[in-house]
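S.K.: Got a predicted structure plus its sequence, pasted below:
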Amino acid sequence: MNILDKIVADKRVEIDLRKSLIPVNQLEQSVLFERQTISLATKLRNSQTGIIAEHKRRSPSKSVINQSLNVFDVAKGYEDAGVCGMSVLTDGKYFGGSLDDLLTARASCNLPLLRKEFIIDEYQLLEAKAYGADVILLIAAILTRDEIKQFSEFAKSLNLDVLLEVHNEEELHKSIMPSLDMLGVNNRNLKTFDVSLETSKGLSTIIPNDFVKVSESGISNIEAIKELQPYGYKGFLIGENFMKTDNAGESAKQFIKGLL
Ligand SMILES: O=P(O)(O)OC[C@@H](O)[C@@H](O)c1c[nH]c2ccccc12
């Protein structure tokens with residue numbers, strides 16, 4: 001079993017438990033369920049910089065990144081830095097995140113928030129909405145075409161934007177459909193953790209122009225952004241580079257200053 005298979009197997013157990021603790025109607029009755037969501041895709045289309053900054057405490061590839069920052073300050077700092085959106089890891093076991101982190105980020109800023117999660121069940125989309133997300137991630141490597149269609153259409157019915165993540169041509173071909181807003185190319189292979197910006201470059205030409213293109217992972221300097229922009233990328237998802245410092249917001253601010 002590779003790491004991705006393990007994460008998904010654990011996720012199935014976790015979702016069953018969550019469902020038994022919080023029924024769907026309780027999620028639907030939460031105050032945030034009525035909130036007007038903000039479109040990340042629209043913000044990226046109109047942005048010169050396109051930074052999506054992530055809150056990530058640890059990961060299977062890097063173990064600890066930063067356990068001492070608090071989400072409230074990180075979200076405020078990112079907003080103050082002028083990022084387009086924030087990504088919040090909500091997986092607990094492998095990334096040290098939680099839905100409470102999402103709720104805290106929501107209370108702290110008005111940025112579009114991406115629920116960064118391994119989505120394999122519609123229930124997780126209701127959770128995303130109930131905890132204040134604006135955007136959901138779908139990972140092509142763990143979903144069938146039918147599931148991508150089902151989940152993305154359900155997300156759209158909840159007014160959530162959809163970011164679909166691919167890592168290779170096969171995943172991309174299987175995933176193209178009108179219910180997606182953004183296509184993300186993960187420069188990190190989730191099965192081996194190898195990172196290369198060439199992945200984004202190579203896949204850029206076969207992503208139809210109606211989708212906002214996002215390059216994800218392994219972006220550690222301004223040069224990388226400058227290198228990717230000519231390939232049509234409008235969004236750049238950055239986690240570790242900001243989170244490994246003692247002030248994530250401030251490092252995002254300096255980064256964006258350098259880009260303008
Ligand atoms: O910390 P980095 O290398 O800047 O990467 C951020 C983000 O792209 C990465 O966390 C990520 C991209 N896709 C994912 C899917 C699941 C978990 C995590 C991810």
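M.R.: Okay, I see it.
S.K.: Show me the beta-bridge partners of the nearest residue in space to L237 that is not next to it in sequence.
M.R.: Using CB to CB, 6 or more residues apart in numbering and skipping the chain neighbours, the partner closest in space to L237 is E216 (4.0 Å). Bear in mind the C-beta positions are built from the backbone N, C-alpha and C, glycine included. Note on E216: beta-bridge partners N186, L237, judged by DSSP bridges.
S.K.: correct me, but E216 touches V185?
M.R.: Yes: between E216 and V185 a contact is recorded at 6.5 Å, counting by CB atoms under 8 Å.
S.K.: and the residue nearest to L237, what is it in contact with?
M.R.: 165, 184-188, 236-237 (CB atoms under 8 Å, 6 or more residues apart in numbering).
S.K.: Now neighbour count too, for those residues, in JSON lines please.
M.R.: As requested, these are exported to JSON lines (neighbours: other CB atoms under 10 Å):
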{"residue": "E165", "neighbour count": "24"}
{"residue": "G184", "neighbour count": "29"}
{"residue": "V185", "neighbour count": "27"}
{"residue": "N186", "neighbour count": "24"}
{"residue": "N187", "neighbour count": "22"}
{"residue": "R188", "neighbour count": "17"}
{"residue": "F236", "neighbour count": "25"}
{"residue": "L237", "neighbour count": "26"}
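S.K.: where along the stretch 1-150 of the chain do the helices fall?
M.R.: Under the criterion DSSP state H, counting those that start in this stretch, helices of the stretch 1-150 of the chain are mapped to 3-21, 24-28, 40-45, 71-81, 99-108, 122-130, 145-157.
S.K.: Any chance of these in CSV with mean pLDDT, mean neighbour count and distance to K174 as columns?
M.R.: CSV is the format used below for the helices of the stretch 1-150 of the chain (pLDDT from 0 to 100; neighbours: other CB atoms under 10 Å; distance: least, CB to CB, whole Å):
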stretch, mean pLDDT, mean neighbour count, distance to K174
helix 3-21, 97, 14, 16
helix 24-28, 98, 13, 29
helix 40-45, 98, 21, 21
helix 71-81, 98, 21, 33
helix 99-108, 98, 20, 28
helix 122-130, 98, 22, 20
helix 145-157, 98, 17, 5
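S.K.: Thank you kindly, that will do.
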